[in-house]
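**Student:** mind looking at a prediction? Sequence and model below.
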Amino acid sequence: MKEQNRHGSFFILRVVLLLAAGILLGAGSGHMKADAASDYQIKINKQANCVTIYKKNASGNYKPVKALVCSTGYATKLGTFSLGEKMRWHVLDGPCYGQYCTRIYGGVLFHSVWYTGYNDPSTLSISSYNKLGTTASHGCVRLTVAGAKWIYDNVPSGTQVIIYSSSNPGPLGKPKAIKLPYTYGWDPTDTGNPNNPWNNKKPSISGVKDQTVNYNADFDVMRGVTAKNTTGFDAKSLVTTKITYQGKAVSKVNTKMPGTYKVKYILVDEIERRAAATAKITVRGERKKPVISGVEKVYVTAKSKLTKKFLLKNVSVKQGGKKLASKYVEITLKKAGKNVYIVTYTAQNSSLPAVVKTKAYIDKKAPVITGVTNGKTYKVDASKKINKTYAKSLIKKVSDNLTKVKKSDVAIKLTKLESGAKYKAVYTLKDQAGNKCVVTIYLVPVNFVKITGPSSITVDSTALGYSSNATASQIKNALMHYLLNEAGVKAYTFDKRNLTGELLLELTDNGNDSYTALFTVEDGKGHSAKKKIKVKVVRKDFFVFEGAEDCTVTGSAIGISQEDGEEAAKEAVKSYVEGLGITASAISSGEAVVPAVTEIVVRDNKYYVTLTATDQEKNTQSAVFCVTVSFN
């Protein structure tokens, strides 16, 4: 389909003319260069109805990365074009609509198979969808939703597009197009839409089952097998098989070679959804073959222990479901290297032999635990919890000359000594031959880092530089400085190195001027210490104000009337207050100062006066009292 302007039939002629103009314009721009920023190139094989997408590799050469089945049209022009704008939904001829539209030239676009409803992915043209892979469009390049979306999402505008014709579909071949039944009007590749009913559909393989066949019988692994693709159509031709016999890949089930064949059936349908099934095909011998199970690698400390009785321990040998007498089981040893033997179990009783092989190792060396030294005493940061987990963390690695061992194989016994002043840790590791490694160490808790200082502190607000009316934020900031510099909290390493300057402080406000101070410090070697201190701030003042009490005065007494403005009234009140003889006495020195009027706030006839006193050390404190002016 070609794109169409979304207008009524009144404008059909205009639309046709515009499309014609668009096609001509596309022809005129057929040799536009692709945007240099694009690493992609698209080739459309008109004859084969196949799109191949190329991408530049590290050497700057285009390599094919994706092939898409498509439907072109007889009107699709050959030539070289530059990919244009992209449109999520766009009107096409009909009118009908396409998803994930990307302009190739003029009115010719890459787009999904068309829909009858705009922005309605349930209105797909099933008949057109079933023509994918054939010439069926009016000129546009129809794709599955997945294919159109891939170009829409990944290939930038400006990318070079080459349209050509060839019987060879391209370097990646031509993907097969899936067919749709007339049930759902949805594209099954439109998986991003949660309402798509095809999202819950999968291909299937049926008729696969375990089978037993006679010696030299005619057998076909595909006999009785059926397969359906996602949309329910026959897909048997898409099924491939992988066959293994005794762990090796083979091309077929050979009924002249008795044994068990594992056949894996694999179906990848046209939209790359998968199904798989597995069957075991057992080819009978002339007599039933014994079954040997439970055979594993063997580890012993001496070859003399490799007796038949020992090697058959935990091994099951059955024929026809019944235990086979040991006289029918032969065990041979063949040297394969220093202290290594190939052990071959052969079970045979008028049947094809059942053969199982394993290895036996003569191991006289104990495993090794590194990271801990037997008999050594280790100092442990007292802040750490000494338990089995900590003891295991000291192990750097474990190893054995033959057995694969892990840290988790080490058994640890931890004993507390001297009321926790010392711990004994015993590590034990065994290998499969029974060799044992035992390491004993002692752990002694040590305070590598220590913080000293009081457990609680009470401090006056004046010591912090604030009076009783300081804000909580002011108090907390000053307290941080005080605790770090003046509270006597110190930090040292066990070898007396001073870490006080490295202390970190976290201060928590508990309300009512109570705080919790958490000091932490590290020595740079992984050792740390913590200390909590309870802090109480007692709010005190720098000054005692005398004479700053609420009072009432008549307007006539201070020379104002109700007709006077607010500023004039403030000046009169200020003069009145300054004449009251109010003083502020410094609590620490007894120094008396005259406070200054620093602010007057008026509410009705009440004048709230702020007085501020400052001593020689620049400590300041304010007091507020109310002067009521009466005009009665």
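**Tutor:** Arrived safely, thanks for sending. Numbering: from 1, shown residues only.

**Student:** count of residues packed around residue 464?
**Tutor:** Residue 464 has 21 neighbours, counted by other CB atoms under 10 Å. C-beta: built from backbone N, CA, C; applies to glycine.

**Student:** go on, residue 54?
**Tutor:** 22.

**Student:** check which helix or strand it maps to.
**Tutor:** Using DSSP states H and E, residue 54 sits in strand 50-56.

**Student:** ok, residues contacting that strand?
**Tutor:** By CB atoms under 8 Å, 6 or more residues apart in numbering, the residues outside strand 50-56 that reach it are 39-45, 62-70, 141, 143, 147, 150-151, 155, 169-175.

**Student:** let's see that with 7 Å instead.
**Tutor:** Residues outside strand 50-56 that contact it (CB atoms under 7 Å, 6 or more residues apart in numbering): 39-44, 62-70, 141, 155, 169-172, 174.

**Student:** note down every partner strand of it and its orientation.
**Tutor:** strand 40-45 (antiparallel), strand 62-69 (antiparallel) (DSSP bridges).

**Student:** let's have the ones you listed in TSV, adding mean pLDDT, mean neighbour count and distance to residue 223.
**Tutor:** As requested, the strands paired with strand 50-56 are exported to TSV (pLDDT from 0 to 100; neighbours: other CB atoms under 10 Å; distance: least, CB to CB, whole Å):
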stretch	mean pLDDT	mean neighbour count	distance to residue 223
strand 40-45	98	22	38
strand 62-69	98	17	31
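
**Student:** make JSON lines from those and add distance to residue 626 to it.
**Tutor:** What follows is the strands paired with strand 50-56, written out as JSON lines (distance: least, CB to CB, whole Å):
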{"stretch": "strand 40-45", "distance to residue 626": "81"}
{"stretch": "strand 62-69", "distance to residue 626": "84"}
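
**Student:** to residue 463, which of those lies closest?
**Tutor:** Nearest to residue 463, of all the strands paired with strand 50-56, is strand 40-45, at 73.4 Å by CB to CB.

**Student:** that older thread, and residue 603, which of the strands paired with strand 50-56 is closest to it?
**Tutor:** Closest among the strands paired with strand 50-56, using CB to CB: strand 40-45, at 75.1 Å.

**Student:** helices of this structure, start to end?
**Tutor:** Ranges of helices in the chain, per DSSP state H, are 12-28, 126-129, 145-154, 308-311, 388-393, 472-485, 555-558, 566-578.

**Student:** distance from the last one to the middle of the chain?
**Tutor:** Average the C-alpha atoms of helix 566-578, do the same for its chain, and the two points are 70 Å apart (CA atoms, centre = their mean, to the nearest Å).

**Student:** same check, this time on the third one
**Tutor:** Between the mean C-alpha location of helix 145-154 and the chain-wide mean there is a distance of 26 Å, by CA atoms, centre = their mean.

**Student:** what does that helix rub up against?
**Tutor:** Residues from elsewhere that reach helix 145-154 (CB under 7 Å, 6+ apart): 66, 68, 86, 99-100, 102, 110-112, 187, 189-190.

**Student:** which of those fall in strands?
**Tutor:** Among those, the members falling in strands (DSSP state E) are 66, 68, 86, 99-100, 102, 110-112.

**Student:** make a markdown table from those and add distance to residue 611 to it.
**Tutor:** Converted to a markdown table, the ones in strands among the contacts of helix 145-154 look like this (distance: CB to CB, whole Å):
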| residue | distance to residue 611 |
| --- | --- |
| 66 | 84 |
| 68 | 86 |
| 86 | 74 |
| 99 | 78 |
| 100 | 77 |
| 102 | 79 |
| 110 | 83 |
| 111 | 82 |
| 112 | 82 |
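
**Student:** show me which of these is closest to residue 404.
**Tutor:** The nearest member of the ones in strands among the contacts of helix 145-154 to residue 404, counting by CB to CB, is residue 66 at 43.9 Å.

**Student:** list the contacts of the closest one.
**Tutor:** 53, 150.

**Student:** on that earlier part again, between the strands paired with strand 50-56, which one is closest to residue 512.
**Tutor:** Minimum separation from residue 512 across the strands paired with strand 50-56 (CB to CB) falls at strand 40-45, 69.4 Å.

**Student:** thinking again about what came up before, between the helices of the chain, which gets nearest to residue 334?
**Tutor:** Judged by CB to CB, the one of those that comes nearest to residue 334 is helix 308-311, at 13.5 Å.

**Student:** alpha carbons of the closest one, in PDB - could you do that?
**Tutor:** Listed next in PDB are the C-alpha coordinates belonging to helix 308-311 (Å, rounded to 0.1, in the frame of the first residue of the first chain):
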ATOM      1  CA  LYS A 308      36.100 -56.300  43.300                       C
ATOM      2  CA  LYS A 309      34.000 -56.100  46.400                       C
ATOM      3  CA  PHE A 310      35.100 -52.500  47.100                       C
ATOM      4  CA  LEU A 311      34.500 -51.400  43.500                       C
END
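
**Student:** tell me the buried residues in it?
**Tutor:** For helix 308-311, burial by neighbour count (16 or more other CB atoms under 10 Å) applies to residue 311.

**Student:** give me the contacts around it.
**Tutor:** By CB under 7 Å, 6+ apart, the surrounding residues in contact with helix 308-311 are 298, 331, 343.

**Student:** please verify my assumption that residue 40 contacts residue 160.
**Tutor:** No. With contact defined as CB atoms under 7 Å, residue 40 does not count as touching residue 160 (8.2 Å).

**Student:** re the thing from before, could the contacts of helix 308-311 go into a markdown table alongside neighbour count?
**Tutor:** Formatted as a markdown table, the contacts of helix 308-311 follow (neighbours: other CB atoms under 10 Å):
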| residue | neighbour count |
| --- | --- |
| 298 | 19 |
| 331 | 17 |
| 343 | 19 |
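
**Student:** show me the strands in the stretch 451-600 of the chain, by range?
**Tutor:** With DSSP state E, counting those that start in this stretch applied, the stretch 451-600 of the chain shows strands at 456-460, 490-493, 504-511, 514-522, 528-538, 543-546, 551-554, 583-586, 592-593, 596-603, listed in chain order.

**Student:** out of those strands, which gets nearest to residue 182?
**Tutor:** Comparing the strands of the stretch 451-600 of the chain by CB to CB, strand 504-511 comes nearest, at 71.2 Å.

**Student:** given that closest one, what are its sheet partners and their directions?
**Tutor:** Note on strand 504-511: by DSSP bridges, its sheet partners are strand 514-522 (antiparallel).

**Student:** pull the residues that contact the strand it pairs with.
**Tutor:** Residues contacting strand 514-522 (CB under 7 Å, 6+ apart): 449, 451, 479, 483, 489, 491, 499, 502-510, 528-536.

**Student:** PyMOL command for the buried members of those?
**Tutor:** Buried members of these, defined by 16+ other CB under 10 Å, are picked up in PyMOL with:
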select buried, resi 449+451+479+483+489+491+499+503+505+507+529+531+533+535
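
**Student:** residue ranges with poor pLDDT in the stretch 1-150 of the chain?
**Tutor:** 1-37 (pLDDT under 70).

**Student:** circling back to that earlier point, looking at the contacts of helix 145-154, which has the most residues close by?
**Tutor:** Neighbours here mean other CB under 10 Å. Within those, the largest count is held by residue 111, at 30 neighbours.

**Student:** distance check, the residue lying closest to that one once chain neighbours are set aside against residue 67.
**Tutor:** Nearest non-adjacent residue to residue 111, counting by CB to CB, 6 or more residues apart in numbering: residue 98, 3.3 Å away. For residue 98, the distance to residue 67 (CB to CB, to the nearest Å) stands at 21 Å.
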